[in-house]
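1. pasting the sequence and the predicted coordinates here, then a few questions.
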Amino acid sequence: IIFAFYNTSRLILRAATPRSGPVGGGTSVTLHGDNLVPAGVNAPDARCGFGDATVPVLEAAPNGSWLVCAPTPQLPVFGDNTSGLPSSVPVSVLPNGVQAEFGNAPHLNFFVYAELAQPALLPSGGPVVGGTYVQVQGAQLAPGPHTDVSLARCRFGRSGAGA
């Protein structure tokens, strides 16, 4: 039996891609930083933390610069979310699957937003070859700290398009 020691003072969480996901979960998140899996890629117990919820690490860079987290579980939206603004949960890495480490940089947050209420698309269809501009309408489309318009995308089935 091998017990692996690791130095938590070297773990740094720099970014999460994407930075946000729906409250219902299902978003695969890649964490970027330094020494994210300090016990090495052969740390089968490593997990990603989103608030109090944890998910397994699916893949990790051998040098610890990134790791891919399993899709997020259903996450809580805190407070009165009638404004449509997202709430956030702290992101952590659990190298041993038990103890959450937040890294030695400002805490990283993952933003959680409510599903669109009564969404509508205008127009409601277009040619298969594409080229149709589509307007998305619905409640709770307010911009927030998670919003980066240059990264906004619409997904049609399995294909994505710039917003």
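-> Ah, there it is.

2. now for the strand or helix carrying residue 21, which elements pack on it?
-> Here residue 21 sits within strand 20-22, counting by DSSP states H and E. Counting contacts by 3 or more CB pairs under 8 Å, 6 or more residues apart in numbering; DSSP states H and E, strand 20-22 packs against strand 109-113. The C-beta positions use only the backbone N, C-alpha and C, and glycine is treated the same way.

3. run me through the strand neighbours of the strand it packs on, direction for each.
-> Strand 109-113 has its sheet partners listed here by DSSP bridges as strand 20-22 (parallel), strand 87-94 (antiparallel).

4. which stretches of the protein have low pLDDT?
-> By pLDDT under 70, the low-scoring segments of the chain are 1, 38-43, 76-86, 116-118, 139-163.

5. helix or strand for residue 120, which one?
-> Residue-wise, residue 120 maps onto strand 117-122 under DSSP H and E.

6. cool, residue 49 as well?
-> Assignment of secondary structure by DSSP H and E places residue 49 within strand 47-50.

7. state the next helix or strand along the chain beyond that strand.
-> Heading C-terminal from strand 47-50 (DSSP H and E), you reach strand 53-60.

8. for the spatially most central residue of the chain, name its beta-bridge partners.
-> In the chain, the residue lying closest to the centroid (CA atoms, centre = their mean) is residue 29, at 4.1 Å. Residues in a beta bridge with residue 29, per DSSP bridges, are residue 69.

9. give me the distance between it and residue 130.
-> From residue 29 across to residue 130, the span is 28 Å (CB to CB, to the nearest Å).

10. and if you look at residue 49?
-> On the measure of CB to CB, residue 49 and residue 130 end up 39 Å apart.

11. the more surrounded of these two?
-> More crowded of residue 49 and residue 130, by other CB atoms under 10 Å: residue 49, with 20 against 9.

12. for stretch 98-111, which positions count as buried?
-> Across stretch 98-111, burial judged by 16 or more other CB atoms under 10 Å covers 100-103, 108-111.
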